[in-house]
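Visitor: Sequence and computational prediction follow.
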Amino acid sequence: MPPGSLVYVGEEHKEEVTISSIEFNEHEVNEKQHASLDDLKPMIHSEKITWINVNGVHNVEVVDAISKMVGLHPLTTEDILNTEHRPKIDFFENHLLAIVKMIDLEQDESELDIEQVSFILLENTVVTFQEKKGDLFDPVRLMLKENKGKIRKSGADFLFYSLMDVIFDQYLIIMDEMDDRIATLEGNIMEDPDNHSLQDINEYKNTILQLKKTVWPVREVVNKLINRKVPYISESISFYLQDIHDHIVQANDMVETSRGQLYGLLDVYYSTLSMKMNEIMKVLTIVSTIFIPLTFIAGIYGMNFAHMPELSLSWGYPAVWIVMIIITGIMVMYFKKKNWF
Amino acid sequence: MPPGSLVYVGEEHKEEVTISSIEFNEHEVNEKQHASLDDLKPMIHSEKITWINVNGVHNVEVVDAISKMVGLHPLTTEDILNTEHRPKIDFFENHLLAIVKMIDLEQDESELDIEQVSFILLENTVVTFQEKKGDLFDPVRLMLKENKGKIRKSGADFLFYSLMDVIFDQYLIIMDEMDDRIATLEGNIMEDPDNHSLQDINEYKNTILQLKKTVWPVREVVNKLINRKVPYISESISFYLQDIHDHIVQANDMVETSRGQLYGLLDVYYSTLSMKMNEIMKVLTIVSTIFIPLTFIAGIYGMNFAHMPELSLSWGYPAVWIVMIIITGIMVMYFKKKNWF
Amino acid sequence: MPPGSLVYVGEEHKEEVTISSIEFNEHEVNEKQHASLDDLKPMIHSEKITWINVNGVHNVEVVDAISKMVGLHPLTTEDILNTEHRPKIDFFENHLLAIVKMIDLEQDESELDIEQVSFILLENTVVTFQEKKGDLFDPVRLMLKENKGKIRKSGADFLFYSLMDVIFDQYLIIMDEMDDRIATLEGNIMEDPDNHSLQDINEYKNTILQLKKTVWPVREVVNKLINRKVPYISESISFYLQDIHDHIVQANDMVETSRGQLYGLLDVYYSTLSMKMNEIMKVLTIVSTIFIPLTFIAGIYGMNFAHMPELSLSWGYPAVWIVMIIITGIMVMYFKKKNWF
Amino acid sequence: MPPGSLVYVGEEHKEEVTISSIEFNEHEVNEKQHASLDDLKPMIHSEKITWINVNGVHNVEVVDAISKMVGLHPLTTEDILNTEHRPKIDFFENHLLAIVKMIDLEQDESELDIEQVSFILLENTVVTFQEKKGDLFDPVRLMLKENKGKIRKSGADFLFYSLMDVIFDQYLIIMDEMDDRIATLEGNIMEDPDNHSLQDINEYKNTILQLKKTVWPVREVVNKLINRKVPYISESISFYLQDIHDHIVQANDMVETSRGQLYGLLDVYYSTLSMKMNEIMKVLTIVSTIFIPLTFIAGIYGMNFAHMPELSLSWGYPAVWIVMIIITGIMVMYFKKKNWF
Amino acid sequence: MPPGSLVYVGEEHKEEVTISSIEFNEHEVNEKQHASLDDLKPMIHSEKITWINVNGVHNVEVVDAISKMVGLHPLTTEDILNTEHRPKIDFFENHLLAIVKMIDLEQDESELDIEQVSFILLENTVVTFQEKKGDLFDPVRLMLKENKGKIRKSGADFLFYSLMDVIFDQYLIIMDEMDDRIATLEGNIMEDPDNHSLQDINEYKNTILQLKKTVWPVREVVNKLINRKVPYISESISFYLQDIHDHIVQANDMVETSRGQLYGLLDVYYSTLSMKMNEIMKVLTIVSTIFIPLTFIAGIYGMNFAHMPELSLSWGYPAVWIVMIIITGIMVMYFKKKNWF
């Protein structure tokens, strides 16, 4: 591919790209579905606050058109199209672009479902690009429609904060869920460790690694948001950003904790394997140690020497039995003393 | 949950929220229980030094009311209600908010009992929020009542320092207790390691991790306290804060040491497992190596060949016994030389 | 070797050094092969943009001659000749020298094919030195010839960026390929681990290490490119450099991830070895534990005592068989309960 | 304990606190034992240089009295009384307080003997507090009495440096001794590893950790000494402090090296355990593999079938012996080839 | 030892200290051996460039005399005498002192031969102190005598650079040699790992550690050389110093790589041990599993029951053989299927 060409990078999607918008001010709210891009341009520069949401970035033309509307650099448009991009933030004269990850944990698997969300924040407008339908933004939509909280009275920057906030709150929820799953896995491993357990541990390690790669760079993104003075973010929002920052730090701590627990799990796994081995060896050793000497005694009196005085004694046979029982008793006591039973 | 709503995060508590206050100056001291919040407001701005203590933050209304009295930002009130918050400090124009953890170690378990304490420091008032009844502040209460030391003669900032100090001194006491417990665990493991030992090690590792997460961020809190110049903290207190800082650094060092010891314990555990295995194998090998050749000899003379000259010799049977005893002797000497007994 | 002498350091090459050039402006493009260096000098300072590509740095005279044409410091020429040099960038008054690595992964091996590429960027000229024929620059050549994108309309700095970009994009492609190969290796190890597997893991670790050493210093190179203001790099290029920087950071992340996966693989390997051992021991223990007691019973009735009442009973022999079958049954049930089958 | 109370923290000591002083200038030197504190005060502010040494800090009154003489902050006095304090330095207007550790290695144990030494440096006086009798300062006392070197001609700051220097030189000596002991331990482990060896390794790890905690913070102490300009330390001393700094860095390096060696020792330990296991298994396997087939053959001809033609052959018995010897020979050759002998 | 006394620290040397000098300018060169120090003083301050080389620092008087000639601080002289000093550089008004290590690898051992070289650089003079005869400086001597390169035309600073350069180039050569040796060791371990292999790995780890301690601080030395402006180092030399810096960074990278390889080797070692164990166990298990059941069958028909119908059947004996062969066949097929052969 020659450098500079716009290409979609990511999983193939067949569904059509859909565009919806919510336009609001303190007094009214307006939700629309858009078949074409034509009526978006006036919204971007209107007095009302507008949130334009694009589901699907696999349609290069749509993304390109909106990027041009806003005046994004072609390379930045490339970043939006590359769904494997690291979280980042870029500031421009009259807008910013923030790329973060929206995550979910699939039901019975340890794999993360990661969806890239790109935010464009202008004076009065927020544009969000998602990879596919379905998101975490419904509480924000409800707050907008029912005029809860101060969101309808605030600017685009507070809307932007609210959307980011639901994404980052999800990080903490996912980390809690991971904690529970790791605890369950620990239980399984202690009961019956198999090679599948190790695979599970490794899968969880990968998930934790992905979480780290998702959460860690967000710190920098939020730090830059806090420290950079730009006209389209008001002073009053900085306290809210600090709050997001605290949550991200907490999520990072939780990631590190889970990682430590997974390493502890590896120890549990190896130790349980070792314990099983010891148990197997104990069974073998006990049986062998008891019966091999007895078999030897039986072998002695199975010899065919002409002159073996014990053989003709009438109490010889029961005497051998008694000797054998005594030997067995001694062995059993020895193993008992060693705590092998 | 929509962003911006006040919610209590933490264990469920049923007990009622209780509010107590101690009002004092150099000459008098006054302790009260408050059924309602009405008489708190004048105390906050009175000339006397006042310490208001709230037991229980699960009652959102109470916390919200007091926060509003002081003029806290709604997000900060959210932090007080979230009992899983990282230790932090926020400075405002006329007050500060500090969130730290008060810890205790349960008697027979390795689990930490962590309780969040939020401090609000104003010009003449300290407000503390605890999760439940029972705290470490009794020595401070005694000093106030009996007018010991310089606490009655000093301002709210010295009261604030004194309360923090008893919390952080507890960290060192808990670390000492952890040290003792780890030493006990080491003894147990060396005597008889089982899978439960590993679980113990992992539980202690979790406790140490929690301690680290509790102690480490406090460094930053105290650093900010030392370096930030605010009107409600007098210069003279800075030396005391430096002292707290030293203790926190020492607690951190102790956490790291305990962690190292736990890793050493893991080695002891695995090595003891390995030793046990070697011991089991030695028993098996000694018994097998002695008796298998003897059994073979017995087997030889148990064969039914028509022409086996040894069988008819009158000294054949005792000769076989002598050979067997010699072989056994050689084996025993061989194992003795190898230090297997 | 006395310090200051020009020496080629690297694999021996026999092929002749070839020099090609592409001269272009917005209106025309001119590709040439050069047998001698004589016609290069005017190109370097012409108005048109010129890209001179040298395949082979083992001919010290050629490299030295071109370096002198540009006015490079003798030590810098030494660096170009040392094909094991770390990636670096040096800025001079009217040109820069950047040394980076062009990588490829060989088909059936895990070894990296690393080729050093040195760039000299002047006002209107880019000179590239490669170790041997064959490179990744064909898309750029095509863009030049077919006048795609803005490359023909831009200066030498954009050409320089475009060439760097294809080299660094390759890093991400190689990392993806490594990921696939590591996944394949994991499959092989879980099925049948042998000592060769460990060798494979170690080889991949070496490859990852080499990748790290190739990719990591490039961050610094690009950082310096972004932050240093030099007359032969225009302002407008800085956004493109930032884009390269993002890709390098991403490649670094991928290297770290792969490294973590290889360590996980080591665990899989050891665990599978341990599992195999347990399986072997189980077979031995099951067979021994079942047959050793049975053999003992047979041994008992092989003894030649004169008075063994059981021997003359007519149901003695079948009774022994029944006892043996019962013992076997108990053992089998015991092993079933322990999940050893 | 209420905050602010002076308490001795450390091992219990019964011996009495003793105070000695050396007063000197270029021309005379005066050594005294002091029963009371009364005659110390004039010495502290006299023209002559005075070194006051206090053996024992378990007498809170004595330490408090001297601290007050000098004008130390009560919290600083607390630090002197806490013998488990981290090394630190505090600067005041007319004096400094430095707390460091004097170490020694007990003869047959790996435990460190750590004694806290607190220095107070004033214009013309050095006060040292030690935990108990016996120190490393005899060479300094000798230099003072015999007027060797420039110590009698220099100020209190040079005396202070000289005392610190002998303490820190001891660190290097102890590290050398540790090195020797670790080498001895390595020899013991390779010869005969037992569970005690692991305990030894862990004890040495603890000692190294303690050394690290003793040596590491001293870097900061010395750094502050070098960089802080105070009137009671002359310029000319800074070169000597730099020299101390170099030695502390070297001691730190040695600590890290020893730590690496202890980890290498752990590997040696585990590997030797593993080797022993392999050896045990080899003995078992060789004996079993040789005799089990032979016993089987003997068993064959011990069967009582009516028709076993081999039994009546006159060369049957010797033939079986020959077969057995051949089988044994093959086995022995097989094991020889595998290098198991 | 009282602080401030000059003592030689290092291995004992008996050979006499020898002093040689080379005096040169662009037109002439003069090499001399000096029996006494008297004729050195004028050389140090002459117009010609002078290189004075001292072989042996165990003669304290000689080192002290030269140090005083140059005007070194007594503590700096102490550093020259301490041959275990960390690499460092000190700048004075009219000279600098640099201490670095010259290394060599002994032929059949993994031990490093480290020799400390101290450089004093003045306006027109370089003084070098070596521990013993024999060094890497012959190429520089040749360049001086044969007037190759620009060394005769340049100042003392270029001579100083040239001498440093040959020392640091040796680092890269030694690292290459280490790489080869580690590869050889890997081969040996994979073929036949014994406890000696682990010792070898640990010895190489020590060597690598020593290399790290030798190479790492040199970065700082060279950095200080580059950044410090002193009158006796000309501007033009800074590019050469940058080149040295690049080589030191490369040597550091190589040290890290070798370290990683040694850890990989440890894995190979343990894995090969584990493999051997598995192999031993397989042999035991195969032999036992085949012959124990057969021996049991033979044991059955060795019983002396009066009524055992099989015994009197004429085809009983061959039938038992057939059964045994079938059982063996099944076992062999089972092990084949498990890939145990």
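Guide: On my side now, so go ahead.
Visitor: Stretch A:85-101 vs chain C: in contact?
Guide: Yes - Stretch A:85-101 is in contact with chain C by CB under 8 Å from any CB of the partner chain, via A:85-86, A:88. All C-beta atoms are positioned from the backbone trio N, CA, C, and that covers glycine.
Visitor: Now the residue of the stretch 151-300 of chain A found nearest chain C: which helix or strand?
Guide: When distances are taken as CB to the nearest CB, the stretch 151-300 of chain A approaches chain C most closely through residue A:298, which lies 3.2 Å from it. When secondary structure is defined by DSSP states H and E, residue A:298 falls within helix A:238-300.
Visitor: Past that helix, which element shows up next along the chain?
Guide: helix A:309-312.
Visitor: Which part of chain A gets nearest to chain D, residue-wise?
Guide: Taking CB to the nearest CB as the measure, the point where chain A comes nearest chain D is residue A:302, at 6.8 Å.
Visitor: Test my guess that that residue contacts residue B:295.
Guide: No - counting by CB atoms under 8 Å, residue A:302 does not reach residue B:295; the two are 10.2 Å apart.
Visitor: Can you give me the separation between the residue of the stretch 151-300 of chain A closest to chain C and residue D:290?
Guide: Distance of residue A:298 to residue D:290, computed by CB to CB, to the nearest Å: 21 Å.
Visitor: got it, and residue A:183?
Guide: Using CB to CB, one obtains 52 Å as the distance from residue A:183 to residue D:290.
Visitor: of those two, who's got more company?
Guide: Between residue A:183 and residue D:290, counted using other CB atoms under 10 Å in any protein chain shown, residue D:290 has the larger neighbour count: 22 against 11.
Visitor: How about the contacts made by the more buried one?
Guide: D:328, D:331-332 (CB atoms under 8 Å, 6 or more residues apart in numbering or on different chains).
Visitor: And the pLDDT at it?
Guide: For residue D:290, the model assigns a pLDDT of 92.
Visitor: Equivalent analysis for residue A:211, please.
Guide: pLDDT for residue A:211: 92.
Visitor: Skip the chain neighbours and tell me the closest residue to it.
Guide: Across the structure, with CB to CB, 6 or more residues apart in numbering or on different chains as the measure, the residue nearest residue A:211 apart from its sequence neighbours is residue A:255 (5.3 Å).
Visitor: okay, now the residue of the stretch 151-300 of chain A closest to chain C: neighbour count?
Guide: The criterion is other CB under 10 Å. On that basis, residue A:298 has 25 neighbouring residues.
Visitor: Please name the nearest non-neighbouring residue to it.
Guide: Going by CB to CB, 6+ apart, residue A:298 has residue C:299 as its nearest residue, at 3.2 Å.
Visitor: give me every residue that touches that neighbour.
Guide: For residue C:299, the contact set (CB under 8 Å, 6+ apart) comprises A:294-295, A:298-299, A:302, E:299, E:302.
Visitor: again, but for residue A:43
Guide: Shown here is residue A:43, whose contacts under the criterion CB under 8 Å, 6+ apart are A:21, A:23, A:50, A:52, A:125.
Visitor: How about the secondary structure of it?
Guide: Residue A:43 falls in the helix class when you classify it by DSSP: H, G, I helix; E, B strand; the rest coil.
Visitor: what about it, distance to residue A:22?
Guide: Between residue A:43 and residue A:22 the computed distance is 10 Å (CB to CB).
Visitor: Common neighbours of those two, please.
Guide: Listed contacts common to residue A:43 and residue A:22 are residue A:50; contacts here mean CB under 8 Å, 6+ apart.
Visitor: Okay, domains of chain A per the record?
Guide: By the assignment in automatic domain parsing, chain A contains the domains A:18-271, A:278-337.
Visitor: Which among these is found nearest to residue E:134?
Guide: Evaluated over these, closeness to residue E:134 peaks at domain A:18-271, with 50.1 Å, by CB to CB.
Visitor: distance between the closest one and the chain's centre?
Guide: 14 Å (CA atoms, centre = their mean, to the nearest Å).
Visitor: hmm, the helix or strand hosting residue A:78 in reach of chain C?
Guide: Here residue A:78 is covered by helix A:74-81, with elements defined by DSSP H and E. Yes - Helix A:74-81 lies within reach of chain C by CB under 8 Å from any CB, at A:75, A:78-79.
Visitor: Just give me how far the helix holding residue A:298 sits from the chain centre.
Guide: For helix A:238-300 - counting by CA atoms, centre = their mean - the centre lies 22 Å from the chain centre.
Visitor: what angle sits between that helix and helix D:238-300?
Guide: In terms of direction (axes from the mean of the first three to the mean of the last three CA atoms, to 10 degrees), helix A:238-300 departs from helix D:238-300 by 40 degrees.
Visitor: returning to what we had before: keep only those of the residues of stretch A:85-101 next to chain C that are in strands.
Guide: If you go by DSSP state E, the residues of stretch A:85-101 next to chain C have residue A:88 in strands.
Visitor: Which of the contacts of residue A:43 ranks first by neighbour count?
Guide: Most neighbours among those, by other CB under 10 Å: residue A:125, with 26 neighbours.
Visitor: wait, that residue sits on residue A:51?
Guide: Yes - between residue A:125 and residue A:51 there is a contact at 7.5 Å, judged by CB under 8 Å.
Visitor: Return every residue with contacts to both of those two.
Guide: By CB under 8 Å, 6+ apart, residue A:125 and residue A:51 have these common neighbours: residue A:156.
Visitor: And the helices in the stretch 1-150 of chain A?
Guide: With DSSP state H, counting those that start in this stretch as the definition, the stretch 1-150 of chain A shows helices at residue ranges A:40-44, A:60-70, A:74-81, A:138-146.
Visitor: Please produce TSV containing those helices, extended by distance to residue C:224 and mean pLDDT.
Guide: Listed next are these as TSV, based on distance: least, CB to CB, whole Å; pLDDT from 0 to 100:
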stretch	distance to residue C:224	mean pLDDT
helix A:40-44	38	86
helix A:60-70	30	90
helix A:74-81	20	89
helix A:138-146	42	91
